[in-house]
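1. What follows is a protein structure lacking sequence information:
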C-alpha cells in the first residue's frame, strides 16, 4: 500500500473508533497485531479488552487528528481525545467530568491491516481530570 493509502486506513480506523464500533475497529487489526504501551506489549485479545474497558468508561470518546504523517509502512498521529467519564476508570466510579488529553501513536500497516502500534497517552492529565491525581502533583510538572 502507498503512504496515502496507509494514512487513509488509519483515518478510517479512528473514524470507526469515534463511532463506538468495537467490532468494526477489530476488523482493522491483524490477528497477530501487537500494541506497545508503557506497560508492555499486548496482543489482539488483550487490546480488545483494553479498548472495550476504555469505551465503557468514556463512551462518547472522540479523537481529533491534529497531525498525521506517513513514511513507508508507518503512520504517525498526534490527536486530542475528548469524552465524558460516565463509567468506571481505574477503579474510579463515574464523575461525569468532561476530559481531554493528548494521544500520540505510530501504527505499522501491512497488507491493509494494523499489525503493530506504539501509543502514548497523557494518562497523568486524564487521571487528574477524573480525580485520581491531585492537582498539586501536576504543578511540579508544568
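-> That came in fine, so what should we check first? Only a predicted model underlies this, so the values are computations on that prediction, with no experimental measurement involved.
2. per-residue pLDDT, residue 29?
-> Looking at residue 29, its pLDDT stands at 95.
3. ok, now which ones touch the nearest residue to it once chain neighbours are set aside?
-> With sequence-adjacent residues excluded and distances taken as Cβ to Cβ, 6 or more residues apart in numbering, residue 29 is closest to residue 114, at 5.3 Å. Glycine gets a C-beta too; all of them are placed from N, C-alpha and C. Contact analysis of residue 114 by Cβ atoms under 8 Å, 6 or more residues apart in numbering lists 9, 10, 13, 28, 29, 30, 33, 107, 108.
4. SS state for residue 114?
-> With DSSP: H, G, I helix; E, B strand; the rest coil as the basis, residue 114 sits in strand.
5. longest helix of this protein?
-> helix 3-18 (DSSP state H).
6. elements contacting it?
-> Counting contacts by 3 or more Cβ pairs under 8 Å, 6 or more residues apart in numbering; DSSP states H and E, helix 3-18 is packed against helix 22-26, strand 62-71, strand 74-84, strand 98-110, strand 113-121.
7. pLDDT of the shortest one, averaged?
-> For helix 22-26, the mean pLDDT works out to 92.
8. and the helix or strand following it, what other elements does it pack with?
-> Next along the chain after helix 22-26, taking DSSP states H and E as the criterion, comes strand 29-37. Here strand 29-37 touches strand 40-42, helix 44-57, strand 113-121, going by 3+ Cβ pairs under 8 Å, 6+ apart.
9. Low-confidence regions, the protein specifically.
-> Scanning the chain with the threshold set as pLDDT under 70 gives 140-142.
10. ok, what's across the strand from residue 80?
-> residue 64, residue 102 (DSSP bridges).
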